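Chemist: Quick one: sequence and predicted model below, then my questions.
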There are 2 protein chains.
Amino acid sequence: MEDRAGVGTAASGAEGPAPRRRRGASMADVARLAGVSSQTVSRVSNGSPGVIEETRTRVLAAMRELGYRPNSAARALKHGEFRTLGVILFNLSTTGNVRTLEAIADSAAREGYAITLMPVAVPTQTDVRGAFTRLGELAVDGIIVIMEVHLLDTSTISLPPHVQVVVVDSDAGDRYTVVDTDQRGGARAAVDHLLELGHRTVWHLAGPPDSFAAQRRTEAWLAALREAGRTVPPLLFGDWSAESGYKAGKLVPDDCTAVFAANDQMALGLLRALHERGRRVPQDISVVGFDDIPESASFIPPLTTVHQDFAEVGRRCVDGVLGQIRNQSAGPGTALVPTRLVRRSSTAPAPSAG
Amino acid sequence: MEDRAGVGTAASGAEGPAPRRRRGASMADVARLAGVSSQTVSRVSNGSPGVIEETRTRVLAAMRELGYRPNSAARALKHGEFRTLGVILFNLSTTGNVRTLEAIADSAAREGYAITLMPVAVPTQTDVRGAFTRLGELAVDGIIVIMEVHLLDTSTISLPPHVQVVVVDSDAGDRYTVVDTDQRGGARAAVDHLLELGHRTVWHLAGPPDSFAAQRRTEAWLAALREAGRTVPPLLFGDWSAESGYKAGKLVPDDCTAVFAANDQMALGLLRALHERGRRVPQDISVVGFDDIPESASFIPPLTTVHQDFAEVGRRCVDGVLGQIRNQSAGPGTALVPTRLVRRSSTAPAPSAG
DNA sequence: CGCAGGAATGTTTACGTAAACATGCGTCGC
DNA sequence: GCGACGCATGTTTACGTAAACATTCCTGCG
């Protein structure tokens, strides 16, 4: 009576209501039903050769009957890998983050990897460390951090060993692999474009100062103006929202003929403010955005903006972690994804200048 | 010589360059270093009682030295659960989906569950089934499907057994647990609000016809008009985008005094079109949106809209799956999350009427 | 002084899978 | 006709953890 009946799928007849196992059928169950060994089931399950057609059919039938599906925990334990990547991010409310996440998920899926999400509500040091720790204990082979604000630098976050990390949009290129859009190049292209159109100088509607992306775009704007020997107008700040762009739009002086906004949403608000003030775009004033969100082609007027290739960023992130996982290779360093200026109708030659 | 040396951490002296194990340290490694049994390490790791302070300290030190972190695959295998929920969704481009996902991730994290993302690029039957299969093999205890279009109904998608499913925004309430916003109630509140303001009838700018949410909002709009005995104007269709709302705004006839848009983005485009046409909102025409996205309070004029509580939806989804996982309970059925009308400045009494 | 009792720690085992090795049987070559 | 080979399948084992059970040792009481 001490046989393995209690482990069987069905009621074992004795000892009351049979503890009705909750876990799914295992290979052993399938093997028993098909009258083969569990190893043969394993071979069928993995498509390994060396199983005669008839046996395979019988095993497959048994699998179907029992609703067998492989236990990935056991598989992961055996293989030493989870085929899963963790993504830490701070919010899902900015276009860039969401699009990047989307691209990461797609790329990962294409490589046969799943994505485990680890959102961190408030980006405090403690929370980030907590997230890293939890992810470290989670079933992931690598981690991608979508880091928009200054954090990794300011403290010694201890990453779990044996887990590879790639960071998006950060300054930590000396310690981690960083994938980022070429913010500087994009911003520079935007400013140069406006200068070439004959504008004396270019105002800048910047994003929040603690954002890496905003910071780089601002730096590049400044550098471009300085190199061209132009006067540098005061900075305007927004918080990425259209509303903040609208507010900033009210502050732009009448003699300003060109504005470079750090993202398309703020540019949208800016356009609205200018419209309300009766300043025609692009005849009186030119506007360039950043991101090339889908809607920007439908703004009034269609927005000249800097296109970011989020899909490519996602792809490189995934390639980066997987590369590290597989070859042990690829130390710290920064990979830049190129941007390109998309010229639409919100920019034109300066009104009075040549 | 047949001892366990080969299993040890360091090189065993013979046979060349020692295969340098890549997996992290295991309990056995920690145990060896601390001079205790692996069971004691387990007890320390899980905070179980019955470990003297001195031993605990020594074990913790060994853990730190080896950079030990528990192997979640082994844990999952032992426990029979992964503490992970899978989320299937079709795109990350609509506000609602993203916000819901965010809420789900937060709720899940609070319950100690992680989220595994499974995006399905093109929502064809095949792809969905594929996603379900892959997720079935994945390390998840339950699945939440964010289903915006008609799919589950039209075929027999076979869900992996032993995995609980909750669906957001679907008609499949007879077969799955469905959590949804009270689309009908919200739409009805919007229409009633406009009728109470004395508008003869209300036009409707609907979302894409294959969207469940759009469909329900349209139905409720229709029902409300019919019950009030009003004439039913022709339907306008958009695709959720501001641009489509803008286009629809050009088609609204001059004698129309009230429009109910199926989401805030389309309402935004609508406002722009009306503005360009010189129709003042709300003096000449009232507009109501749906969703209450953050920006809607900053539209011109601030938009009266139907607030959706995405956080609550996410919470209920997680509660739903976890409930099913834990109690086996909760069969099919639909849970509605209430909506509420937020009155701002885009609605006013009808121009000529009462 | 000896033994009961309990606290601290160790040993065994099972979770489900799959690599490595073992077996058994049929067929082909000489 | 008999052994070697190879193919289909079975058996053993290990992956890392933790429950269940076993052992040791110390304390306190009779």
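Modeler: Nice, I can see it.

Chemist: residues from the stretch 1-150 of chain A in reach of chain B?
Modeler: Neighbours of chain B within the stretch 1-150 of chain A, by Cβ under 8 Å from any Cβ of the partner chain: A:22-24, A:67, A:69-74, A:76-77, A:80, A:82, A:84, A:91-93, A:98-99, A:101-102, A:105-106, A:109, A:114-119, A:121, A:134, A:136-139. No exception for glycine: its C-beta is placed from N, CA and C like everyone else's.

Chemist: all helices of chain A, in order?
Modeler: Applying DSSP state H to chain A gives helices spanning A:27-34, A:38-46, A:53-66, A:72-79, A:95-110, A:125-137, A:183-196, A:212-227, A:242-251, A:264-276, A:310-327.

Chemist: got the buried residues for the fifth one?
Modeler: Applying a neighbour-count criterion of 16 or more other Cβ atoms under 10 Å in any protein chain shown, one finds A:95-109 buried in helix A:95-110.

Chemist: tell me which of the residues you listed is nearest to B:Ala261?
Modeler: When the buried residues of helix A:95-110 are compared for distance to B:Ala261 (Cβ to Cβ), A:Thr95 wins out at 21.7 Å.

Chemist: Now for the closest residue to that closest one other than its chain neighbours: which residues touch it?
Modeler: Computed as Cβ to Cβ, 6 or more residues apart in numbering or on different chains, the closest residue to A:Thr95 that is not its neighbour in sequence is A:Ile293, at 5.5 Å. Going by Cβ atoms under 8 Å, 6 or more residues apart in numbering or on different chains, A:Ile293 touches A:Thr95, A:Asp264, A:Gln265.

Chemist: give me every residue that touches the first one.
Modeler: Yep, that's A:Thr95 we're talking about. A:Thr95 touches A:Asn263, A:Gln265, A:Asp291, A:Ile293, counting by Cβ under 8 Å, 6+ apart.

Chemist: doesn't A:Gly245 make contact with the second one?
Modeler: Yes. Contact status for A:Gln265 versus A:Gly245: in contact at 6.5 Å, counting by Cβ atoms under 8 Å.

Chemist: Pull the contacting residues for the residue in the stretch 201-350 of chain A positioned nearest to DNA strand D.
Modeler: Proximity to DNA strand D, evaluated over the stretch 201-350 of chain A using Cβ to the nearest atom of the strand, is greatest for A:Ile325 at 16.3 Å. Residues in contact with A:Ile325 (Cβ under 8 Å, 6+ apart) are A:Glu81, A:Asp141, A:Gly142, A:Gln164.

Chemist: what does A:Arg188 give?
Modeler: A:Ala220, A:Trp221, A:Ala223, A:Ala224.

Chemist: Pull out the buried residues from the residues of the stretch 1-150 of chain A next to chain B.
Modeler: Here, 16+ other Cβ under 10 Å leaves A:24, A:69-73, A:76-77, A:82, A:84, A:92, A:98-99, A:101-102, A:105-106, A:109, A:114-119, A:134, A:136, A:138-139 buried among the residues of the stretch 1-150 of chain A next to chain B.

Chemist: What is the burial count for the residue of the stretch 101-250 of chain A found nearest DNA strand C?
Modeler: For the stretch 101-250 of chain A, the residue closest to DNA strand C is A:Gly112, as judged by Cβ to the nearest atom of the strand, at 13.6 Å. Close neighbours of A:Gly112, defined as other Cβ atoms under 10 Å in any protein chain shown, add up to 9.

Chemist: if I look at the nearest residue to it once chain neighbours are set aside, how far off is DNA strand C?
Modeler: Excluding the flanking residues, the one nearest A:Gly112 by Cβ to Cβ, 6+ apart is A:Arg83, at 6.0 Å. Using Cβ to the nearest atom of the strand, to the nearest Å, A:Arg83 is found at 11 Å from DNA strand C.

Chemist: A:Arg83: how many residues sit nearby?
Modeler: Neighbour count for A:Arg83, taken as other Cβ under 10 Å: 18.

Chemist: I'd guessed it sits against A:Asp141; true?
Modeler: Yes. Using Cβ under 8 Å as the test, A:Arg83 is close enough to A:Asp141 to be in contact (6.9 Å).

Chemist: Can you tell me which of the contacts of A:Thr95 has the largest number of neighbours?
Modeler: A:Asn263 (30 neighbours).

Chemist: Settle this for me: that one is touching A:Glu295, isn't it.
Modeler: No. If you go by Cβ under 8 Å, A:Asn263 and A:Glu295 don't touch, sitting 12.0 Å apart.

Chemist: just the contacts of A:Ile293 that are near DNA strand D?
Modeler: For DNA strand D, no contacts are drawn from the contacts of A:Ile293 by Cβ under 7 Å from any atom of the strand.

Chemist: of all those residues, which comes closest to B:Leu60?
Modeler: A:Thr95 (43.9 Å).

Chemist: Check what pLDDT the closest one gets.
Modeler: Per-residue pLDDT puts A:Thr95 at 81.

Chemist: cool, and A:Glu295?
Modeler: Model confidence at A:Glu295, given as pLDDT, is 73.

Chemist: what's the distance between it and B:Thr95?
Modeler: Between A:Glu295 and B:Thr95 the computed distance is 13 Å (Cβ to Cβ, to the nearest Å).

Chemist: can you check A:Pro70 too?
Modeler: Taking Cβ to Cβ, one finds A:Pro70 at 37 Å from B:Thr95.

Chemist: for the stretch 101-250 of chain A, which spans come out with low pLDDT?
Modeler: For the stretch 101-250 of chain A, the stretches flagged by pLDDT under 70 are A:121-136, A:149-162, A:173.

Chemist: Hmm, A:Met63 is touching A:Val30, no?
Modeler: Yes. Look at A:Met63 against A:Val30 with Cβ under 8 Å: they come within range, at 5.4 Å.

Chemist: Looking at the two now, which is surrounded by more residues?
Modeler: A:Val30 (25 against 21).

Chemist: buried sites along stretch A:169-188?
Modeler: Here stretch A:169-188 shows A:169-172, A:175-188 as buried, counting by 16+ other Cβ under 10 Å.

Chemist: what about that stretch, start to end distance?
Modeler: The straight-line separation of the ends of stretch A:169-188 (Cα to Cα, to the nearest Å) is 18 Å.

Chemist: Show me how far it is from its chain's centre.
Modeler: 14 Å (Cα atoms, centre = their mean, to the nearest Å).

Chemist: quick one: the nearest residue in space to A:Leu235 that is not next to it in sequence from chain B, how far?
Modeler: Distances taken as Cβ to Cβ, 6+ apart put A:Ala206 closest to A:Leu235, at 5.5 Å, once the chain neighbours are dropped. Counting by Cβ to the nearest Cβ, to the nearest Å, the separation of A:Ala206 from chain B is 20 Å.

Chemist: wait, isn't A:Ala206 in contact with A:Asp239?
Modeler: No. Shown here, A:Ala206 and A:Asp239 do not form a contact pair, counting by Cβ under 8 Å, at 10.1 Å.

Chemist: who's more crowded, these two?
Modeler: Taking other Cβ under 10 Å, A:Ala206 and A:Asp239 do not tie; A:Ala206 has more neighbours (21 against 14).

Chemist: Would you mind naming what in chain A lies close to DNA strand D?
Modeler: Counting by Cβ under 7 Å from any atom of the strand, chain A sits next to DNA strand D at A:35-40, A:43, A:49-52, A:54-56, A:74, A:77-78, A:80.
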